Structure formats: C-alpha cells, structure tokens
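Trainee: got a predicted structure plus its sequence, pasted below:
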Amino acid sequence: MSLRLLAIGAGIAVAFCSSANAQSIERHPSEPYATDSHFSLDALDRQVDDGALVRPASASRTANVDADCVGPPPNSCTECRLSLRERAPVRGANDDDGSLIDAIFSDKPLLHSLRNRETDVWGLKTSVGGELRYRTMDERNRLRPLGNLRRDTYSLWRFTPFAEIGNDRFRAYVQAIDAASFNEDIPPAPIDENRSDLLQYYLDLGLFDVDGKPLRVRYGRQFLQYGSQHLVSPLGWANTFRNFEGTRAYYDNGTWSVDGFAVQPVNGAGGAIVHPRSNDIPDQSVWFSGVYSSYKKAPFGVFDAYWLWLNEDEPKRILHDGRRHTIGLRYAGKHAVKDECDDLRHTLFWDIDGGWQFGEDTFQNGGAGQDVFAGFVAAEAGLTLNRIPWQPTVKGLFWYGSGDGDPNDGKINTLTTLYPFGHFYWGLIDNFNGANLLDYSVQFSVKPTKKLSWLVAWHWFDKANRDDHIYNIVGAPLGPLGTDRNIGHELDLLATYAVSPNLSVQLGYFWFWYGDAVNNTALDRRDAQQFYVMATWGF
C-alpha cells in the first residue's frame, strides 16, 4: 500500500478544474461544458471524471455553512452564518507565493494566468491548461471473457493538455491526450491506453441569433453528454475518455434548449477500432445521430425529450448494435424545503428516464435484419438533510434494461445502451452495461467536512429475462440461456477528499457476491473485489 501511495505522489494529476462533486441537473448537455476557471466552453464537467456517485447539486456553499447552524437560531437568521464565516478563514488564490506546492492548494489552477488572456485582435481571448490523473487498480474476478486470467493489478496515467482561442462568435479548441497503462497482468482494455493523440479538436461558430440567443454549430472531434448519461456520455472514468467526430448544432434561449448532432465514434471507448499507439480515426461503418431537447421551466426541474439513431452498416453478431432508433423522455428535478427564516433544511431530488428502442439488428444465430423491440426504465429519488451535520444523503435507484425471452422468434428484445456512463449506475466494479438487467440500489453518502465525502452503495442484480445472456461492461454476452435470474449483489465504498478546488484524491473498495446465474454455470468464479486509489490535479 505504501508503494502505491508513493507512486500516486509521484503521479499527481491535471484537470481544467477537478471539482468533481457538482453534478447539476439544471445544465443541459447542449449548454457548452463550462467551468469557472477560464472562458472555455469546453472544460469538461468534472462530474464525469472521478467516478463518484456524487450528491445532488442542491447543497450550495451557503448550505455548507448553514449545516453548522443546528438547533434554535440565534437572535436573527443571519447571525449564525456571519459568526461562522468570521471564524472560518478561507485560503485564497492570492495567499500563495508562486511555488508549485502553494499552487496546488490555491483556489485557482497553476496556469490561471494563462486563462482568459485578451488579445488585440477581434476581441479574441486565449486559454491554456490541462489535467494529469493517476490511478492504481487491483481487481479480481470481474466478468471478463478471459478464461483463468482473473487477477489484474495495474496503473493508469492520463495527461490531457488543452489550448483554445476565441470570442463570442468563434472558438477553436484543441485537447491532446497521453493515456498509458503499465504493470498490468492482463492486456490493457481498449479504454485504458491511447498514446500521444488528439482527444478533441473543433471549430465552434455562432451563426446567427434567434430571439437574442445564438444558434451555434460545432464541427470536429468532440465529447457528447446528454441527460442522465444512461445512453450518451464522454465516459470520463475511462482512461481514454470517449470521443466522436462530426457536426453538432445547438441552441438555448433559457427556456428551451435543442441539440442536434451527426457523428462517428473515434476511440476504443466508443467501440471503434483501437489505435493505442497510432492516430485515432473515426469508425467509417457507424453514424450516430440524434436530437436532444429540454424544457427548462418544468416544475422544479427539467423535462427532456430525445431521439437517438445508431446506424451500424457492419453489425457484429456478438454485439447488439445494428440500426436502432431510441425515443425517450426524462424528468429530473429538485425541491428545496426551507424553514421560517428561509434557510435550507432539506432537499428532495429525482431523475426519471425511459425509452423505447426499435429498428433491426443481427445477433448470433438469429439471422440478419431481425426486428428490434426493446426498452428501458430508470428511476432515482433521494433526500439530502442539509441542516444536519455531515449533510447525509440517501437515495434509491432502479434500472430495467430489457432482455430477449426467445432467441429464435426472429425478434430482438435486448436493449443496447449505446454509449453509457455504466460505471456511474450499474455498480462501480464495472461488471454490466445495462442490457438484460434489473438493478435495485440503495445509496448513502455524507460529508464529514467540506472537503471529505463518503459513499456506501448496495446493488442487487437480476437478469431481466432468464432466457437471455448476462452482458458485461462492453456488451459481450456471457453465460448460457435459461439460468437462474439472480446475478448477485454488490457493495461499493468510496471516499473522496478535495485537497483544493484543483486537486482531489479518491479511494474505492468494491465487493461483488455472485448469484446462481454465475455460480451454476461455466462462468463460476470466486466473488469479485476491486480496489483503487486515484489522484487528479487541474493546472
């Protein structure tokens, strides 16, 4: 363990802003990826990077202060807050003396002087920055089709510098990546390695205004992120991210936002041919298109409607892909409950998502051009007690991803989850991709301090249909048909410490106890475990 921690100290990490604990349901993905650190519209939301099941965005900095004001208020509702702020000095960005150590603990990234720099040409501004992340892993007996190779210890390193130039109407953005895997016992996965490549590069243009708001078009290599990320995510947990290449148009007037795109997957995380040591190229056999819209004035939240189209010209018999349309609806929101002094007491939050999938596909021995009828339902609801010490949050999650009850009837009822953030939802040990899956989960998190958060999550997994396969994290079918439905249950423990707004350290330990759907088949193995330590630094 000490060697791992020393290695982490040698490999501390770099991000645009690794404040990964702020998942905001108000921000629709058609809104550019923005941070406070510089003017870039594409400094990626760090919520997708640290793998944590983050608490809702309802708890603000004020709520953190108010959490210490427990019990009857003083003479006025504001007196307690003021006294707390007076006795809690905050280290600011100007407290450093210019050294690297001071920059790590500063509120601003190391290269903040290179962010948002003005030029004398057309009002253009420039920014430079990046991220460095290090993670060491020890995993055993995950659901991988690797025979007896069931133990793997390895380390991952990811460096993603970026540069950009632009103004209100024009922006050019470039982000490189060097992602490495080393000391592994098993060959690296497609999401682990991508040496010296370009992760993103695009032009973003504001074409014209509609009701005072610009219609923008982005062309090039880029991330996509939509809604709850059940179906489309940049997969920041992966060492390589997930990227696409193509065109995207988006518009947001504050009430409605509409986002349309037509892209092709680029790297291994998107299912394209893996080029770990040469330049990535888009998968020419696949087009992924869609329209994602949001109504932002729905009661207490946002209402989304979307259409996604996966068009695979060369469907693989071992995967669910083909030509599939997905039509879905989502309602996500929160409701803050305040006391008579208008102070926040607790927050209710929810996220309900569901979709229907249809089209045609070719899978295993069922023949070409089989009709697809599949779907999913996802629900999440919880409560944060903002005024109680440690601000505990409890939430429940449910997931249903359809499976196929008869592989010989000429129809496919197994869902494909397209390009999901599976790590976030279906267990942190990463055994599943959401197809033919029932997941019941209860999760509890606390914040003992403003910088430290703990999470405990419990999952119970069943097959949605016993006459279909188990599908692992990459969508590969495992095990026989007609088994018992119970796949097993999982316990996840996660701790995240924000050393500063730019540096975080995270530890995770996960157990998976397999059920009869695994133990009574050729997949039989000992229970799975995974441990990791990760550090991320934004400069």
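Mentor: Done, it's in.
Trainee: for residue 482, helix, strand, or coil?
Mentor: Classification of residue 482 by DSSP: H, G, I helix; E, B strand; the rest coil places it in coil.
Trainee: contact partners for it?
Mentor: By CB atoms under 8 Å, 6 or more residues apart in numbering, residue 482 lies in contact with 466, 467. Placement of C-beta: from N, CA and C, glycine included.
Trainee: which stretches in the stretch 301-450 of the chain count as strands?
Mentor: Using DSSP state E, counting those that start in this stretch, the strands of the stretch 301-450 of the chain run over 301-312, 323-338, 344-361, 370-385, 393-401, 411-412, 437-446.
Trainee: the closest residue to residue 139 other than its chain neighbours pairs with what?
Mentor: The shortest distance from residue 139 to any non-neighbouring residue, by CB to CB, 6 or more residues apart in numbering, is to residue 530 (4.2 Å). Going by DSSP bridges, residue 530 is paired in beta bridges with residue 139, residue 510.
Trainee: hang on, isn't residue 530 packed against residue 138?
Mentor: Yes: using CB atoms under 8 Å, residue 530 makes contact with residue 138 at a distance of 7.0 Å.
Trainee: compare the two and say which one has the larger neighbour count.
Mentor: Higher neighbour count among residue 530 and residue 138: residue 530, with 23 against 15, using other CB atoms under 10 Å.
Trainee: which ones are touching the more buried one?
Mentor: By CB under 8 Å, 6+ apart, the contact list for residue 530 reads 137, 138, 139, 140, 142, 428, 429, 430, 508, 509, 510.
Trainee: where does residue 483 land on pLDDT?
Mentor: Listed pLDDT for residue 483 reads 95.
Trainee: next one: the one 4 residues further on
Mentor: Taken from the predicted model, the pLDDT recorded for residue 487 is 98.
Trainee: and it, how many residues sit next to it?
Mentor: Residue 487: 29 neighbours (other CB under 10 Å).
Trainee: look up how far residue 514 lies from it.
Mentor: To residue 514, residue 487 is 7 Å away according to CB to CB, to the nearest Å.
Trainee: overlap in contacts of these two?
Mentor: The contact sets of residue 487 and residue 514 do not overlap (CB under 8 Å, 6+ apart).
Trainee: show me the shaky parts of the stretch 251-400 of the chain.
Mentor: 365-366 (pLDDT under 70).
Trainee: average pLDDT across stretch 135-148?
Mentor: Across stretch 135-148, pLDDT averages out at 80.
Trainee: got a list of contacts for it?
Mentor: By CB under 8 Å, 6+ apart, stretch 135-148 touches 4, 7-8, 150-156, 186, 239, 429-432, 470, 472-473, 476, 478, 512, 518, 523, 525-535.
Trainee: pull out the buried residues from it.
Mentor: The neighbour-count check on stretch 135-148 (16 or more other CB atoms under 10 Å) flags 135, 136, 137, 139, 140, 141, 142, 143, 144 as buried.
Trainee: farthest-separated two in the residues you listed?
Mentor: Farthest pair in the buried residues of stretch 135-148 (CB to CB) is 136 and 143. Separation: 21.6 Å.
Trainee: ok so, going back, out of the strands of the stretch 301-450 of the chain, nearest to residue 213?
Mentor: strand 301-312 (17.3 Å).
Trainee: starting at the chain centroid, how far to the closest one?
Mentor: Per CA atoms, centre = their mean, to the nearest Å, the displacement of strand 301-312 from the mean C-alpha position of its chain is 17 Å.
Trainee: also stretch 477-492?
Mentor: Using CA atoms, centre = their mean, the distance from the centre of stretch 477-492 to the centre of the chain it belongs to is 24 Å.
Trainee: could you do stretch 292-308 as well?
Mentor: Distance of stretch 292-308 from its chain centroid, counting by CA atoms, centre = their mean, is 19 Å.
Trainee: tabulate the CA atom coordinates of that stretch in PDB.
Mentor: Below are the C-alpha coordinates for stretch 292-308, written out as PDB (Å, rounded to 0.1, in the frame of the first residue of the first chain):
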ATOM      1  CA  TYR A 292     -32.000  16.100 -27.700                       C
ATOM      2  CA  SER A 293     -34.300  18.900 -26.400                       C
ATOM      3  CA  SER A 294     -35.000  20.200 -22.900                       C
ATOM      4  CA  TYR A 295     -37.800  22.400 -21.400                       C
ATOM      5  CA  LYS A 296     -36.100  24.100 -18.500                       C
ATOM      6  CA  LYS A 297     -39.200  25.700 -16.900                       C
ATOM      7  CA  ALA A 298     -40.800  22.400 -15.900                       C
ATOM      8  CA  PRO A 299     -42.000  22.400 -12.300                       C
ATOM      9  CA  PHE A 300     -38.900  22.100 -10.000                       C
ATOM     10  CA  GLY A 301     -36.700  20.800 -12.800                       C
ATOM     11  CA  VAL A 302     -36.200  20.000 -16.500                       C
ATOM     12  CA  PHE A 303     -38.200  17.900 -18.900                       C
ATOM     13  CA  ASP A 304     -36.200  16.200 -21.800                       C
ATOM     14  CA  ALA A 305     -37.400  14.600 -25.000                       C
ATOM     15  CA  TYR A 306     -35.000  12.900 -27.400                       C
ATOM     16  CA  TRP A 307     -34.400  10.700 -30.400                       C
ATOM     17  CA  LEU A 308     -31.200   8.800 -31.000                       C
END
